[in-house]
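# sequence? don't have it. structure:
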């Protein structure tokens, strides 16, 4: 079966360190989406949506942090093609900027990958507007 007939599926292993200084989040039930910035034709556009959304909340002149220290990504079925890929992890549970990026990706893949687009709609609906609910340690 090729990827056009698949929706979201577990293509990557995402490792989150057991302890990350200053990190108060519980990642056990999180939902992630990985952007392959090297090979995926939609990823850079979705990543730009992430940056644009992030910039709206930042003071003028603040630079976008390009390093994601919490996550290490590995493909479940490694190949030479993906040996040196650049990945960006969207954390739908804890990162409020992931939703605009997921929304952009959904629109980009809608025609070519309708099942994936449908799964992304469901992922967005589960998490949109719930960032504070997921992340506020008092809840």
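Happy to help now that I have it. Computed from a prediction, not measured in an experiment: that's the story for all the values here.
# which residue, other than its chain neighbours, is closest to the residue minimising distance to the centre of the chain?
In the chain, the centroid-proximal residue (CA atoms, centre = their mean) is residue 90; its distance is 1.7 Å. Leaving aside its chain neighbours, residue 90 sits nearest to residue 98 (3.9 Å; criterion: CB to CB, 6 or more residues apart in numbering). Any C-beta I mention is one placed from the backbone N, CA and C, and that applies to glycine too.
# wait, that neighbour touches residue 46, no?
No: taking contacts as CB atoms under 8 Å, residue 98 lies outside contact range of residue 46: 9.8 Å.
# now residue 14: phi and psi?
In terms of degrees, to the nearest 10, the main-chain angles of residue 14 are phi -110, psi 120.
# kindly provide the distance from it to residue 55.
25 Å (CB to CB, to the nearest Å).
# higher neighbour count, these two?
Neighbour tally, residue 14 and residue 55, criterion other CB atoms under 10 Å: the higher count belongs to residue 14, 18 against 13.
# show me the beta-bridge partners of the more buried one.
Beta-bridge partners recorded for residue 14 (DSSP bridges): residue 73.
# quick check: the gap between it and residue 77.
Distance of residue 14 to residue 77, given as CB to CB: 15 Å.
# could you pull out the helices in this structure for me?
Ranges of helices within the chain are 43-56, 98-109, 114-127, 131-135, based on DSSP state H.
# out of these, which is the most enclosed?
Mean neighbour count (mean count of other CB atoms under 10 Å) peaks for helix 98-109 among the helices of the chain, with a mean of 21.
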